[in-house]
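*Asks:* predicted model and sequence follow; I will ask about them next.
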Amino acid sequence: QVQLVESGGGLVQPGGSLRLSCAASGIILDYYAIGWFRQAPGKEREGVSYIKGSDGSTVYADSVKGRFTISRDRAKNTVYLQMNSLRPEDTAVYYCAVDAFYTVLGGVPRYWGQGTQVTVSS
């Protein structure tokens with residue numbers, strides 16, 4: 001049974017930082033792609049960043065490029081999203097998801113975590 005558990009969300013002031021974690025069990029991330037998605041109230045879900053398990057190559061949405069960094073720890077089977085220079089518009093529930101690369105990139109991965117709330121506010 002595949003399980004993805006996100007952690008690390010919280011309340012942070014504008015300009016601050018958070019690091020989200022996505023710990024996987026029941027699946028070896030080396031063989032898949034992992035995506036971070038977010039959904040703000042009243043808005044559609046959007047892809048934030050992706051990483052290929054096979055070679056570690058990454059993709060970022062324009063809205064987070066230069067501020068967010070996706071990375072992985074192969075030994076821990078965990079993916080991280082380091083978020084710096086946070087803005088109020090980054091406020092959302094953040095989800096990690098896993099599947100084949102183009103399935104994740106297309107926003108329809110099979111496996112999803114439960115989500116973690118990120119709130120950027122003064």
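*Replies:* Happy to help now that I have it.
*Asks:* list the contacts of the most centrally placed residue in the chain.
*Replies:* For the chain, the residue lying nearest the average C-alpha position, counting by CA atoms, centre = their mean, turns out to be W36 (2.4 Å). Taking CB atoms under 8 Å, 6 or more residues apart in numbering as the criterion, W36 is in contact with 20, 22, 47-50, 70, 79, 81, 94-97. Placement of C-beta: from N, CA and C, glycine included.
*Asks:* out of those residues, grab the one that's most surrounded.
*Replies:* Counting neighbours by other CB atoms under 10 Å, the top entry in these is C96, with 31 neighbours.
*Asks:* list the contacts for the spatially closest residue to T116 that is not a sequence neighbour?
*Replies:* With sequence-adjacent residues excluded and distances taken as CB to CB, 6 or more residues apart in numbering, T116 is closest to G9, at 3.4 Å. Going by CB under 8 Å, 6+ apart, G9 touches L18, L20, Y94, T116, Q117, V118.
*Asks:* so what's the residue count around the first one?
*Replies:* Counted by other CB under 10 Å, the residues lying close to L18 total 20.
*Asks:* correct me, but it touches V12?
*Replies:* Yes: proximity of L18 to V12 meets the contact threshold set by CB atoms under 8 Å, at 5.5 Å.
*Asks:* find residues that contact each of these two.
*Replies:* Counting by CB under 8 Å, 6+ apart, the residues touching both L18 and V12 are L86, V118.
*Asks:* so what touches the lowest-mean-pLDDT helix or strand in the chain?
*Replies:* With mean pLDDT, DSSP states H and E as the measure, the helix or strand of the chain carrying the lowest mean pLDDT is helix 101-105 (a mean of 90). Contacts made with helix 101-105 from outside it, assessed by CB under 8 Å, 6+ apart, are listed as Y32, A33, I34, G35, G47, Y50, K52, V59, A97, V98, P109, R110.
*Asks:* tell me which of those is nearest to Q3?
*Replies:* Out of the contacts of helix 101-105, the one with the shortest distance to Q3 is V98. That distance is 10.4 Å, counting by CB to CB.
*Asks:* check contacts around the closest one.
*Replies:* V98 makes contact with 2, 4, 24, 27, 29, 32-35, 104, 109-111 under the criterion CB under 8 Å, 6+ apart.
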